[in-house]
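K.L.:
structure for this input, please:
(2 chains)
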Number of protein chains: 2
Amino acid sequence: MTKRNPNFANLKDHYLFPEINQRKKAFLAEHPEAKLISLGIGDTTEPLLPHITSTLCQGASSLGERDTYTGYGPEQGYSDLREIIAKTIYRGSVTPDEVFISDGAKCDIGRLQLLFGSDVSIALQDPAYPVYLDGSIMQGVSRITLLPCTPENDFFPDLTKAKGCDLLYFCSPNNPTGATATRQQLKSLVDFAREQRSIIIYDSAYSAYIQNSDCPKSIFEIEGAKEVALETSSFSKMAGFTGVRLGWTVVPKDLFFEDGSSVHKDWSRLISTLFNGASNIAQNGGLGVLSERGLEEVKTHIAFYLENARLLKEALENFEVYGGENAPYLWVKFPGKSSWEVFQEFLEELHLVTTPGSGFGPSGEGFLRFSAFSSRENVQKAIKRFSKISTFV
Amino acid sequence: MTKRNPNFANLKDHYLFPEINQRKKAFLAEHPEAKLISLGIGDTTEPLLPHITSTLCQGASSLGERDTYTGYGPEQGYSDLREIIAKTIYRGSVTPDEVFISDGAKCDIGRLQLLFGSDVSIALQDPAYPVYLDGSIMQGVSRITLLPCTPENDFFPDLTKAKGCDLLYFCSPNNPTGATATRQQLKSLVDFAREQRSIIIYDSAYSAYIQNSDCPKSIFEIEGAKEVALETSSFSKMAGFTGVRLGWTVVPKDLFFEDGSSVHKDWSRLISTLFNGASNIAQNGGLGVLSERGLEEVKTHIAFYLENARLLKEALENFEVYGGENAPYLWVKFPGKSSWEVFQEFLEELHLVTTPGSGFGPSGEGFLRFSAFSSRENVQKAIKRFSKISTFV
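P.N.:
Residues are numbered from 1 along each chain as shown, chains lettered A, B, ... in the order given. Model (predicted):
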């Protein structure tokens, strides 16, 4: 009889967001009248603006015409989309053939974990996006080091703890803390990786939110990064494409394994074998996003969510609040309580759904993540409910 | 320094289709005037029909409106799409929560390989779709048995060779041979798996092409299959969605590992962790495909490609030709020559691109696969060129 993959027994019982959904459901079953507002999962809420919508529609309608119908595209993505990403996002610091189009950063992180296999040691920020850890465990990785990122170290880890690690996951602007690394911090990260000969898996899914010019939008703004880093990113939070599914990963040709073989070559092989390209309609939408008019619409969207973040931060000023300035997330400390306790209180007392910080790692204990992805109306309603926080915190 | 994943060194140097593309490119570089016709890669060529196109367009335009905008959907897929698949494709023999929507069968096969991990023994048809083998090798599987499927055994393998294997890949209608298993054959497959307690990974991506009522369209038409099989399938060849990216996998709740734990539960966890759902636009298109009008359009499309197959088969009647009746592929034997030799001759002499059978496994040596995915005009032109085959074969 077929044995269960032993790696799955090493996973903790619940994935964060399903657990939140179950608690929401249970609460609503008992309080069907409750008008829940979600500041929980980081999911875009605003409709797409006209130009970007029109390029998606055009991508769809073109499939009905003989001259414009397309079947399989290249697994690595359409060349015009790879080119415009290299040019617009990276200003030429990477070449188009180093850009691989995906159906989103989450899926590509899983494929990257397959690329590196089980016999690697990894280090990751604590707290972190759960996929780095859970995906690695599924892949059979057992040598895992958590690097605490807390207010005490300005959310930048003590890298000496990552000594000797093969892979270093790093996300900036960070999900969940909203912390955004400065140029100096990223330089120390790249220098460390160069010294150690580690590979950085850099997640820049929220880089469009960066306003501070001292915080790089890509790891490739740091000299020497192409020899030690790859970068995964996404149209999801930049353009409201969470449901459309479009992202990319940059794998530099300067990145090599210990035996001198090319990471780019193995990645290309993996993508050809186990991926069939992102949806042609989504890719057409990606071209729309990165056009001149699309980028104007992106600015409007980002400004909208950042204003939500500012309003939430202002309303929570009596608490210890981090993030929310170069990121759509606020990271709020509630001393003396566990994250799930405060989560449950926000749910029951304020009918607000948040995300418990401990779901992102042990150093997230005592924190809640607030997401700025919401309509203005809901943010304003949520802020009104905040006045009752003092009754339970 | 980070080591290369040793599994990648076990892969053969070239993935079939990239190699074909390179040979095409090389030929065109020397003969820029050549008007190549492709009967090679199995990629749909006909534009989508109006109703299906309109549901894709509607999926896209709905993202521009506040009331209909959607972000992340459930990782397992939209419930209405899961329901209509359970009802329309499986006539209720599986439940909606056993259907998981994907971005295509190829991607789900990779995820299934991650689900089962590296410590499994597998058996697969030879010849077979290369992803079963290459993806397994990437995942670190080393115990691999090929089951020859040849004219001599009516393309149905000697199952005793798969004795003791954990996973059994089976594709019907088969890519590349076009062979379609009968009810009796599938019954013996299921009985064998039940006896062995193996799990069948059944690929029904081409089931919409089945015309013979004695050939089941799903493994779940066979009694007892839900205890030993899962099934992966796709809208690609059924509805021309190769570029749109939409498929599904059925994982029955009756399927268990040796320790009694649920395969469905681990799969659900994997999908939640490493996948973010198929594109919402594609899923809306999937609902269109399975609507009454959509299914009429599917019939039109399938009939068109099957007529291509019939014409090709008729034109090749002097050769040993298999398939092409319940499948969009013809499998043609050219005795005394290697597949790549005949491939090169078809390319150079007839300016026709085919697929060398040996690329699908050692038992494919000496065969070419002809794909019926082409415009009628190109099929007719290709057939005219066939008259010159006798000059080199």
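
K.L.:
pull the helix or strand with minimum mean pLDDT from chain A.
P.N.:
When the helices and strands of chain A are scored by mean pLDDT, DSSP states H and E, helix A:16-30 comes last with a mean of 91.

K.L.:
so is that helix next to chain B?
P.N.:
Yes - using Cβ under 8 Å from any Cβ of the partner chain, helix A:16-30 reaches chain B at A:Phe17, A:Pro18. Just so you know, the C-beta spots here come from the backbone N, C-alpha and C atoms, and that holds for glycine as well.

K.L.:
what lies in contact with that helix?
P.N.:
Contacts of helix A:16-30 with the rest of the structure, by Cβ atoms under 8 Å, 6 or more residues apart in numbering or on different chains, involve A:34, A:36, A:40-41, A:130, A:343-344, A:347-348, A:353, A:355-356, A:359-360, B:272.

K.L.:
just the residues you listed now: which is nearest A:Asp191?
P.N.:
When the contacts of helix A:16-30 are ranked by distance to A:Asp191 (Cβ to Cβ), A:Phe360 comes first, at 26.6 Å.

K.L.:
what does the model give the closest one for pLDDT?
P.N.:
Model confidence at A:Phe360, given as pLDDT, is 96.

K.L.:
and it, how far is that from A:Leu146?
P.N.:
Going from A:Phe360 to A:Leu146 by Cβ to Cβ, to the nearest Å gives 11 Å.

K.L.:
what does A:Asp119 give?
P.N.:
For A:Asp119, the distance to A:Leu146 (Cβ to Cβ) stands at 20 Å.

K.L.:
give me the more crowded residue out of the two.
P.N.:
Between A:Asp119 and A:Leu146, counted using other Cβ atoms under 10 Å in any protein chain shown, the more crowded position is A:Leu146 (19 against 15).

K.L.:
tell me the secondary structure for that one?
P.N.:
strand (DSSP: H, G, I helix; E, B strand; the rest coil).

K.L.:
and it, what are its bridge partners?
P.N.:
A:Leu124 (DSSP bridges).

K.L.:
re the thing from before, out of the contacts of helix A:16-30, which comes closest to B:Leu186?
P.N.:
Within those, distances to B:Leu186 taken as Cβ to Cβ reach their minimum at B:Ser272, with 31.6 Å.

K.L.:
how about the helix or strand containing that closest one against chain A, any contact?
P.N.:
B:Ser272 is part of helix B:263-274, with elements assigned from DSSP states H and E. Yes - counting by Cβ under 8 Å from any Cβ, chain A has neighbours in helix B:263-274: B:Asp266, B:Arg269, B:Leu270, B:Ser272, B:Thr273, B:Leu274.

K.L.:
make a markdown table out of the residues you listed and add distance to A:Ser218.
P.N.:
What follows is the residues of helix B:263-274 next to chain A, written out as a markdown table (distance: Cβ to Cβ, whole Å):
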| residue | distance to A:Ser218 |
| --- | --- |
| B:Asp266 | 36 |
| B:Arg269 | 32 |
| B:Leu270 | 30 |
| B:Ser272 | 29 |
| B:Thr273 | 26 |
| B:Leu274 | 24 |
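
K.L.:
will you turn these into CSV that also has neighbour count, pLDDT and distance to B:Glu30?
P.N.:
Below are the residues of helix B:263-274 next to chain A laid out as CSV (neighbours: other Cβ atoms under 10 Å in any protein chain shown; pLDDT from 0 to 100; distance: Cβ to Cβ, whole Å):
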residue, neighbour count, pLDDT, distance to B:Glu30
B:Asp266, 21, 97, 52
B:Arg269, 19, 94, 52
B:Leu270, 23, 96, 47
B:Ser272, 20, 92, 51
B:Thr273, 21, 93, 49
B:Leu274, 23, 96, 44
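
K.L.:
now, which of those sits nearest B:Asn326?
P.N.:
Ranking the residues of helix B:263-274 next to chain A by separation from B:Asn326, with Cβ to Cβ as the measure, puts B:Leu270 on top at 32.5 Å.

K.L.:
OK, contacts around A:Thr249?
P.N.:
A:Thr249 makes contacts with A:Val99, A:Phe100, A:Ser102, A:Ala105, A:Asp108, A:Leu112, A:Leu230, A:Glu231, A:Thr232, A:Ser233, A:Trp267, as judged by Cβ under 8 Å, 6+ apart.
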